[in-house]
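**Q** could you look at this predicted model? Sequence included:
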Amino acid sequence: MLSSPPLRRVRLITLGGTISSEPAGPGPETTGRGSSEGLSDGPAGVVPRSGAGLFQQEIQHWVPGVELVPLELRMVPSPSLTMADLLALHAAIAGFGDDVDGVVVSQGTDTIEETAFVLDVLGAAARVPVVVTGAMRDRTTPGADGAANLVAAALVAASPDARGAGVLVQIADRTHAARWVTKRSTFRVDGFSSEPFGPVGAVVEGVVHLGGVPRPRPALPVPTGEAPRVAVVVAGLGDDLALLPGLADAGYDGVVIAGAGGGHVAASAVENVAATVARIPVVMCSRVGSGPALTQTYGYPGGEIDLARVGTVPGGGLSAPKARMLLMLLVASGATPDEVRDGIVRYGRD
């Protein structure tokens, strides 16, 4: 008689978010970072309340070949997560022993791309697969998607095929690379995209299928100390971006501009961009959502060639949120201006 294969041990870490959310009321509350105390008018809405222990009980029978070991690390809405939280998450993953075969992280979908990208850049998946997931519908909504996403994420995290694939994001049966994934809908359960490359895999009938994954990149060192402040500013039609030069005075250590089209600003904004570059790093991304910021096509004032001349750093294929996280990590590590440029360019390549 053939013996059953040994169970694959997967650590299930929860941070909060919609996947953990239920209607507000008596019971465990989120931290003060998610509090709306004093706002009594209108609907109460849902708040993060349920964590790893309950999830493990609810989905364990759906993954009989996997032993889920829960760890509730945070219980907050995902916009309230901080770089300190992400570094604590990275430390928790790095601290797991050799008996762990994979890691699932659940959190709110609003900032999944930032969490997954930071973990990826810091090399969190170097030893075992790390899969980040969430839900677009809360636990009490008809057709809630959280349990299905957790099951699929656990299967991917337990799969030997996921080793060496970098940090992954599992949503609506599709597997995305952290490097490419972005949220593209406020309501659809399949509201994530990896344009222009597409998902790297899928879970079908409980079977993990992985295709091409991004080329591995060297991990950045884990920074210590207080996280730098980096702003994201969206450039619009005719906007002179007069607020930019004041960001350094307000205590910001860098800025990411989500420019129009291929990463462009109005001609009237160039002077303010140049004044900002003289004081803090400025990274140029595209606000479009698919395709890299351009580097050598448009030569008009405010085009990418003009902006490069005044010292901006091209963000390549990075979304503005990812470029912000990367710039925070680089500045926190004490990188020189040249090292900041090299780091952004390196990780901005596809």
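**A** Sure thing, it's come through. Bear in mind that the values here come from a model prediction, so they are computed numbers and not experimental data.
**Q** so where's the chain shaky on pLDDT?
**A** The chain contains residues with pLDDT under 70 at 1-3, 26-42, 350.
**Q** just checking, what packs against the strand ranked longest in it?
**A** Longest strand of the chain, by residue count under DSSP state E: strand 66-76. In terms of contacts (3 or more C-beta pairs under 8 Å, 6 or more residues apart in numbering; DSSP states H and E), strand 66-76 is packed against strand 8-16, helix 52-59, helix 83-94, helix 146-158. In this view, the C-beta of every residue, glycine as well, is placed from N, C-alpha and C.
**Q** orientation of it relative to helix 146-158 in degrees?
**A** 120 degrees (axes from the mean of the first three to the mean of the last three C-alpha atoms, to 10 degrees).
**Q** from residue 245, how far off is residue 252?
**A** From residue 252 across to residue 245, the span is 11 Å (C-beta to C-beta, to the nearest Å).
**Q** for the longest strand of the chain, the distance to its chain's centre please.
**A** Mean-position distance between strand 66-76 and its chain equals 18 Å (C-alpha atoms, centre = their mean, to the nearest Å).
**Q** quickly list the domain ranges of the protein.
**A** In terms of domains, the chain is parsed into 8-25+43-210, 230-348 (source: automatic domain parsing).
**Q** tell me which of those sits nearest to residue 217.
**A** Checking those against residue 217 by C-beta to C-beta gives domain 230-348 as the closest, at 6.5 Å.
**Q** how far does the closest one stretch from start to finish?
**A** Taking C-alpha to C-alpha, to the nearest Å, domain 230-348 runs 17 Å from one end to the other.
**Q** ok now it, how far from the chain's centre?
**A** When distances are taken as C-alpha atoms, centre = their mean, domain 230-348 is centred 19 Å away from the chain's centroid.
**Q** rebuild the domains of the chain as CSV, extending it with mean neighbour count and distance to residue 218.
**A** Shown next, in CSV, are the domains of the chain (neighbours: other C-beta atoms under 10 Å; distance: least, C-beta to C-beta, whole Å):
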stretch, mean neighbour count, distance to residue 218
domain 8-25+43-210, 20, 8
domain 230-348, 19, 8
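**Q** now distance to residue 223 too, for the ones you listed, in TSV please.
**A** Shown next, in TSV, are the domains of the chain (distance: least, C-beta to C-beta, whole Å):
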stretch	distance to residue 223
domain 8-25+43-210	7
domain 230-348	3
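**Q** of those domains, which is nearest residue 219?
**A** Residue 219 lies closest to domain 8-25+43-210 among the domains of the chain, at 2.9 Å (C-beta to C-beta).
**Q** of all the helices and strands packed on strand 66-76, which one is nearest residue 319?
**A** Closest to residue 319 of the helices and strands packed on strand 66-76 is helix 83-94 (C-beta to C-beta; 16.5 Å).
**Q** ok, residue 62 - contacts?
**A** The neighbours of residue 62, taking C-beta atoms under 8 Å, 6 or more residues apart in numbering as the test, are 147, 151.
**Q** other SSEs contacting the helix or strand containing residue 131?
**A** Here residue 131 is covered by strand 130-133, with elements defined by DSSP states H and E. Judged by 3+ C-beta pairs under 8 Å, 6+ apart, the packing partners of strand 130-133 are strand 102-106, helix 112-121, helix 146-158, strand 168-171.
**Q** looking at these, spot the one closest to residue 266.
**A** With C-beta to C-beta, the closest approach to residue 266 among those belongs to helix 112-121: 27.7 Å.
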